[in-house]
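K.L.:
got a sequence here, can you model it:
(one chain, ligands or ions: 1)
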Amino acid sequence: MSARLDELNLDLVAASRVDGAGAEWALAREKGGHRLVVAAPPGSRILEGFEGETAGSATGAVLVGLTSPKNAAALRRHLEWLRPRPLGTRTSAGLGDRLGLATPGHVRAVRAVGGFAAIAPIFPQQSIREMTRTGRTPAEVMDDATWGMFAEGWTDGTGADADHLKTTADIDACLAVGFSMFTIDPGEHVDSSADSADLATLRARAAGLPWVDLSDTESAMRRRYLGQSTVVEHLTIAFDEATLLRAAVKYGRAVAHVARMARHLRRAAGPRLVELEVSVDETETPTSPAEHYWVANELNRLEVAWVSLAPRFVGRFEKGVDYIGDLGELEKDVAAHAALARHFGPYKLSLHSGSDKFSVYPIAARLAKGLVHLKTAGTSYLEALRTAAAVDPAFFRAVYAFARERYETDKASYHVSAELRKAPLAADVPVGDLPGLLEQFDAREILHVTFGSVLKETGPDGKLRFKDTLFALLRSNPEAYARNLETHFVKHLKPFVGVRS
Ligand SMILES: [Zn+2]
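P.N.:
Here you go, the predicted model:
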């Protein structure tokens with residue numbers, strides 16, 4: 001095909017140019033953002049699904065259009081590599097992006113560590129909770145990632161993770177816009193108090209489990225497990241009555257809920273290929289190896305297929321900071337969960353709140369032998385703030401001061417332990433030290449969990465106090481933001497590359 005795009009008087013984004021699927025494709029820089037440019041040969045009907053201005057000539061037709069939802073959807077129809085697909089058990093990483101401008105930096109980080117073959121990326125990823133908090137729809141999450149991949153010329157493919165889904169309506173909303181991975185979070189149905197319940201209490205509660213939903217009876221379950229012991233690699237999993245009832249009471253309702261959600265997903269997806277993750281990471285107490293065994297065995301019996309599972313590990317996986325706890329204990333715990341994941345799947349161990357856990361990565365990569373999904377989200381917002389701190393320190397200082405005000409309220413739905421009194425006062429930090437707040441444990445968590453308030457806050461004039469400025473700043477410094485993201489994420493991804501066996 002002739003390079004018709006070169007004949008146009010447009011400021012093309014070089015990395016975005018693709019020649020394929022019957023046309024030439026690119027982004028062009030224009031005041032106020034990007035435009036989509038598609039050059040189609042004579043007689044082609046490709047442009048019909050797009051919106052914009054079309055000019056025709058003897059060599060074909062050229063469309064210049066907005067980066068609109070309609071054009072994003074049309075791009076995904078024509079360029080199959082922009083269409084999310086299941087990733088199976090390959091080593092993978094979720095690169096959640098609360099602002100919608102991080103995908104170019106994420107793409108560069110994945111490329112820098114060896115690309116799709118080294119670690120399969122999930123660029124569109126957001127939980128329903130964070131969508132609500134940032135005022136985004138599943139379609140916007142999808143489209144922002146589409147434009148980000150397109151801008152960087154990423155043609156190797158992606159998954160798309162509809163994260164922490166709690167209802168069938170959540171599934172439907174995300175399925176409709178092309179998500180390919182569905183993370184079912186039955187956390188509300190996990191009864192963590194079972195951990196400390198005595199046998200009499202466990203017996204009483206077991207009798208009240210939703211046995212019909214589980215297609216089971218208590219006596220049948222007892223027959224399947226009691227007195228049995230199973231060797232799983234280095235583990236011997238045995239169930240006495242207390243261990244069995246504790247697992248059933250703690251996770252029985254959660255298993256029933258996952259089975260219900262999985263059946264709904266299968267029906268709703270029809271012939272489309274999708275994959276499912278089970279996550280119980282956001283619960284009070286750790287998932288013991290016996291409990292993991294019970295959950296996986298029961299989900300199998302109920303014919304649920306899943307590609308990854310996020311147990312609640314020992315210690316604390318707090319947002320945006322390294323692991324808190326005994327690494328030796330964690331190593332034992334990961335080894336057990338990884339063995340069970342190989343035994344029942346193989347499926348991947350999913351590391352939620354996975355960003356910034358630099359001491360965990362080598363352990364998880366080695367013990368799970370690359371059967372890992374690393375999930376990150378808010379840390380990319382912190383890199384946006386790092387970019388802001390360098391470009392406009394006064395603005396960053398104001399964000400931080402506001403975050404301190406919001407922290408006690410906003411921390412409620414997160415696992416964080418930062419304390420206000422340990423985080424410097426905004427006014428006390430010299431300009432040159434402001435970026436350093438992103439390395440201070442307490443300040444970092446405070447900035448992390450307050451993003452929703454920062455994005456929503458309006459001033460006395462009714463205008464958004466921070467959001468528009470932050471976006472304008474990132475849009476006018478895309479290279480600085482992408483560089484910060486690349487540096488940060490290479491550190492996350494590298495430990496997982498090349499450990500597959
Ligand atoms: Zn999670």
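
K.L.:
where along the stretch 101-250 of the chain do the strands fall?
P.N.:
120-127, 159-165, 181-184, 229-232, 235-238 (DSSP state E, counting those that start in this stretch).

K.L.:
out of those, nearest to the ion?
P.N.:
The ion lies closest to strand 159-165 among the strands of the stretch 101-250 of the chain, at 5.8 Å (C-beta to the ion). (Glycine included, C-beta is placed from N, CA and C.)

K.L.:
starting at the chain centroid, how far to that closest one?
P.N.:
Distance, stretch centre to chain centre, for strand 159-165: 6 Å (C-alpha atoms, centre = their mean, to the nearest Å).

K.L.:
quick one: strands adjacent to that strand?
P.N.:
strand 120-127 (parallel), strand 181-184 (parallel) (DSSP bridges).

K.L.:
can you tell me if the last one touches the ion.
P.N.:
No: with C-beta under 5 Å from the ion as the criterion, the ion is not reached by strand 181-184; the gap is at least 7.6 Å.

K.L.:
circling back to that earlier point, the strands of the stretch 101-250 of the chain into a markdown table, with extra columns for distance to Arg260, mean neighbour count and mean pLDDT?
P.N.:
Output for the strands of the stretch 101-250 of the chain, formatted as a markdown table (distance: least, C-beta to C-beta, whole Å; neighbours: other C-beta atoms under 10 Å; pLDDT from 0 to 100):
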| stretch | distance to Arg260 | mean neighbour count | mean pLDDT |
| --- | --- | --- | --- |
| strand 120-127 | 19 | 27 | 97 |
| strand 159-165 | 12 | 28 | 97 |
| strand 181-184 | 9 | 27 | 98 |
| strand 229-232 | 27 | 12 | 96 |
| strand 235-238 | 26 | 16 | 98 |
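
K.L.:
and the longest helix for the protein?
P.N.:
Taking DSSP state H as the criterion, the chain has its longest helix at helix 241-269.

K.L.:
closest residue of the protein to the ion?
P.N.:
The chain approaches the ion most closely through His352 (3.1 Å), counting by C-beta to the ion.

K.L.:
dump the residue contacts of the residue lying closest to that residue once chain neighbours are set aside.
P.N.:
Nearest residue to His352, sequence neighbours excluded (C-beta to C-beta, 6 or more residues apart in numbering): Asp281, at 4.0 Å. Residues near Asp281 by C-beta atoms under 8 Å, 6 or more residues apart in numbering: 187, 310-313, 317, 350, 352-353.

K.L.:
make TSV from those and add secondary structure, neighbour count and pLDDT to it.
P.N.:
Formatted as TSV, these follow (DSSP: H, G, I helix; E, B strand; the rest coil; neighbours: other C-beta atoms under 10 Å; pLDDT from 0 to 100):
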residue	secondary structure	neighbour count	pLDDT
Gly187	helix	18	95
Ala310	strand	26	98
Pro311	coil	28	97
Arg312	coil	22	97
Phe313	coil	22	98
Phe317	coil	25	96
Ser350	strand	25	98
His352	coil	26	95
Ser353	coil	24	93
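
K.L.:
between those, which is nearest Phe344?
P.N.:
Pro311 (12.3 Å; C-beta to C-beta).

K.L.:
how close does the closest one get to Ala93?
P.N.:
18 Å (C-beta to C-beta, to the nearest Å).

K.L.:
distance between the one helix or strand Leu485 maps to and the chain's centre?
P.N.:
Following DSSP states H and E, the helix or strand that holds Leu485 is helix 478-493. On the basis of C-alpha atoms, centre = their mean, helix 478-493 is displaced by 17 Å from the centre of the chain it belongs to.

K.L.:
export it to CSV, keeping only CA atoms.
P.N.:
Output of helix 478-493 as CSV, limited to C-alpha atoms (Å, rounded to 0.1, in the frame of the first residue of the first chain):
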residue,chain,number,x,y,z
PRO,A,478,2.8,13.1,28.2
GLU,A,479,6.5,12.2,27.8
ALA,A,480,7.3,13.0,31.5
TYR,A,481,4.3,10.9,32.7
ALA,A,482,5.1,8.0,30.4
ARG,A,483,8.7,8.0,31.5
ASN,A,484,7.8,7.9,35.2
LEU,A,485,5.4,5.1,34.5
GLU,A,486,7.9,3.1,32.5
THR,A,487,10.6,3.4,35.1
HIS,A,488,8.2,2.5,37.9
PHE,A,489,6.7,-0.5,36.1
VAL,A,490,9.8,-2.0,34.7
LYS,A,491,10.7,-2.6,38.4
HIS,A,492,7.3,-4.4,38.9
LEU,A,493,7.5,-6.6,35.8
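
K.L.:
still on that earlier bit, for the residue of the chain closest to the ion, list the residues it contacts.
P.N.:
Contacts here follow C-beta under 8 Å, 6+ apart; on that basis His352 touches 279, 281-282, 310, 317, 375.
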